[in-house]
Every structure is written in structure tokens, then in C-alpha cells.
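1. what follows is a predicted structure for the sequence shown.
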Amino acid sequence: MQLIDSHTHLDFPDFDHDRVPLMAHSRALGVERMVVLGVDQRNWQRLWDLVQTDSHLYAAFGLHPMYLNDHRPEHVTELGEWLNRLAGHPQLCAVGEIGLDYFLPELDRDAQQRLFEAQLQLAADFQLPALLHVRRSHAQVIATLKRFRLKRGGIIHAFAGSREEAREYLKLGFKLGLGGAATWPQALRLRKVIADLALDTIVLETDAPDMAPVMFANQRNSPEHLPAICTALAEVMGVSPDALASASTANACELFNWPNTQRG
């Protein structure tokens with residue numbers, strides 16, 4: 001089983017004490033490539049320094065909506081400078097993590113929208129996929145994406161929407177990111193939606209260190225958990241773990257323009 005973790009935060013301090021052995025163990029379990037996403041201007045250099053230590057790590061840079069009050073207008077300019085400087089680098093893979101968060105009432109929605117659109121424009125300008133955080137904001141995100149029509153599409157991280165919302169995202173060229181949330185038996189509605197998804201619509205992810213699957217409840221999440229997540233979601237979808245792993249890897253490779261090195 002070969003897997004790609006399409007959404008991690010391996011640069012976070014949660015991993016400072018065991019990052020290198022953790023990555024080695026993840027690879028031994030079949031998690032061959034991992035995407036590390038930026039959340040604010042302060043972590044971009046740390047993230048890039050980490051990615052440069054390992055050719056199978058990939059970077060996305062973005063301004064996360066949950067950190068809205070830390071972002072400044074000049075950070076959008078600086079993001080454009082980072083993307084321009086690294087344009088064409090094989091380890092730059094996307095703009096993210098960006099999006100809209102309507103779950104937290106203290107986050108100004110108009111300011112979020114302006115930031116989201118500015119970063120979608122950068123994704124369009126640099127012809128990169130967008131990795132999106134969407135919480136209780138599917139309608140607005142879909143409406144915004146219909147205006148931007150990104151050629152490279154992207155991923156709806158931790159997808160938890162309806163069948164109708166899934167169809168809209170897929171029509172817009174996006175894949176649906178699935179991870180630990182859907183392994184919990186309480187996620188009945190989400191599991192019903194996932195059961196109907198075609199294999200060519202999804203990519204697997206952990207969101208490590210957050211969103212641990214039920215098998216590792218109350219623990220730090222890790223790319224090491226992706227094989228277990230794959231097995232659990234394969235059962236929900238009624239397919240074999242190998243079939244889900246193969247499809248997810250193929251989908252991620254297509255999205256990021258990576259060679260698919262799966263054997264067999």
C-alpha cells in the first residue's frame with residue numbers, strides 16, 4: 001500500500017521531539033509523500049526549511065482564516081513574493097491552507113472573504129491548486145470558486161458537506177479530502193455521503209497533529225495513522241484498502257502533477 005498524506009502540519013512544534021523518526025516510520029508504513037501546509041506568514045520559512053530536508057515533502061503556503069487577526073495586508077504581498085521566488089520548484093505544490101471559517105463567530109466574514117479572494121487570485125496567477133479550509137461556509141466557498149474557476153482545482157480539506165455540495169466541488173475540479181473525522185461512528189451523515197463517492201473524487205489526509213481518527217482517540221495525529229484511516233474509510237466506501245489507497249494516490253498525483261510511482 002502506497003499512500004500520500006495530502007494535508008499535514010509537520011512543521012508544528014508538536015513534532016519537534018520526534019519528527020525525523022516519525023517520518024521514517026510513516027514511510028515504512030507506506031506513506032511515501034506528505035504535503036505540509038502553511039497557516040501564517042510566521043511559519044513559512046520554518047515550513048520551507050523542513051521541506052528542504054526531504055525530497056518527499058512538499059510545501060503549500062497560505063494564510064489560514066482561523067489566524068485572521070494575525071494576518072496583515074502586506075502578508076498577502078509577501079505570499080505572492082514567496083510563490084514567485086519558488087515558481088517551478090518541484091517541492092512547491094499549492095496555495096494553502098486558505099478558505100472560510102464561519103464556525104468561529106469572532107472571525108469577521110468580510111475580512112475573511114477579502115483574504116480568501118486575494119489568495120485564490122494568487123493560485124490562479126501561479127497556476128497552482130488551492131487547499132481549502134471550509135467550516136460551515138460551503139455555500140459561500142462554492143459561490144466564490146464559481147467566480148474564480150481555478151484551472152488546477154484543489155482539495156476541500158476535511159470534507160464534511162452534503163452530497164449536493166460534493167457534486168458542486170467536483171464540477172469545479174476539486175477533490176474531497178478525507179481523514180480522521182469520517183472514521184468516527186458518530187459521523188453518520190458524513191459516512192453516508194462518503195459511501196456514495198466515486199474513487200476518483202477523493203484524496204486521503206491526516207491534518208496531523210489534529211483530527212485524530214477514532215482508533216487513536218485523544219492522541220496526537222500523525223502521518224503514521226494514514227494506513228489505518230485508509231482501512232477504516234475503505235470499509236465505509238465498500239472497497240478494499242488497497243483500492244482506496246491506489247485511487248487516492250493516483251488522484252493526488254494527478255492534482256499536483258507528480259509522477260505516480262505505484263507498483264503493480
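-> Thanks, I have it.

2. can you pull the contacts of the residue lying closest to Arg149 once chain neighbours are set aside?
-> Nearest residue to Arg149, sequence neighbours excluded (CB to CB, 6 or more residues apart in numbering): Leu172, at 7.3 Å. From N, CA and C alone the C-beta is placed, and that goes for glycine too. Leu172 sits next to 142, 145-146, 149-150, 153 when contact means CB atoms under 8 Å, 6 or more residues apart in numbering.

3. count of neighbours near Lys171?
-> Neighbour count for Lys171, taken as other CB atoms under 10 Å: 11.

4. got a pLDDT number for it?
-> Note on Lys171: pLDDT of 97.

5. gap between it and Gln113?
-> Lys171 is 22 Å from Gln113, where distance means CB to CB, to the nearest Å.

6. with Ala139 instead?
-> Counting by CB to CB, the gap from Ala139 to Gln113 is 13 Å.

7. the more surrounded of the two?
-> Gln113 (16 against 13).

8. ok, and the closest non-adjacent residue to Asp108?
-> Nearest in space to Asp108, with sequence neighbours left out and distances taken as CB to CB, 6+ apart, is Leu68 at 6.9 Å.

9. residue contacts, the one you found?
-> Contacts of Leu68 (CB under 8 Å, 6+ apart): 107-108, 111-112, 115.

10. hmm, 10 Å instead?
-> 40, 101, 104, 106-109, 111-112, 115 (CB atoms under 10 Å, 6 or more residues apart in numbering).

11. do the same with Asn43
-> Neighbouring residues of Asn43 by CB under 10 Å, 6+ apart: 9, 11-12, 36-37, 50, 61, 64, 67.

12. among the contacts of Leu68, which two are most distant?
-> Asp40 and Arg109 (18.9 Å; CB to CB).

13. give me the element Phe159 is part of.
-> Counting by DSSP states H and E, no helix or strand carries Phe159.

14. burial of Ala143, as a residue count?
-> The burial count for Ala143: 10, using other CB under 10 Å.

15. that one sits in which helix or strand?
-> Ala143 belongs to helix 138-148, assigned by DSSP H and E.

16. distance from the chain centre to that helix, please.
-> Taking CA atoms, centre = their mean, to the nearest Å, one finds the center of helix 138-148 at 18 Å from the center of the full chain.

17. show me what it is packed against.
-> strand 92-101, helix 109-125, strand 130-135, strand 154-157, helix 163-171, strand 174-178 (3 or more CB pairs under 10 Å, 6 or more residues apart in numbering; DSSP states H and E).

18. with just CA atoms, put the longest one into PDB.
-> Listed in PDB are the C-alpha atoms of helix 109-125, where the atom choice follows Å, rounded to 0.1, in the frame of the first residue of the first chain:
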ATOM      1  CA  ARG A 109     -16.600  37.300   7.500                       C
ATOM      2  CA  ASP A 110     -16.000  40.200   5.200                       C
ATOM      3  CA  ALA A 111     -12.300  40.300   6.100                       C
ATOM      4  CA  GLN A 112     -12.100  36.500   5.600                       C
ATOM      5  CA  GLN A 113     -13.700  36.900   2.100                       C
ATOM      6  CA  ARG A 114     -11.200  39.500   1.000                       C
ATOM      7  CA  LEU A 115      -8.300  37.400   2.200                       C
ATOM      8  CA  PHE A 116      -9.700  34.300   0.600                       C
ATOM      9  CA  GLU A 117     -10.200  36.000  -2.800                       C
ATOM     10  CA  ALA A 118      -6.800  37.600  -2.800                       C
ATOM     11  CA  GLN A 119      -5.200  34.100  -2.200                       C
ATOM     12  CA  LEU A 120      -7.400  32.400  -4.800                       C
ATOM     13  CA  GLN A 121      -6.200  35.100  -7.300                       C
ATOM     14  CA  LEU A 122      -2.600  34.100  -6.400                       C
ATOM     15  CA  ALA A 123      -3.400  30.400  -7.000                       C
ATOM     16  CA  ALA A 124      -4.900  31.400 -10.400                       C
ATOM     17  CA  ASP A 125      -1.900  33.700 -11.200                       C
END
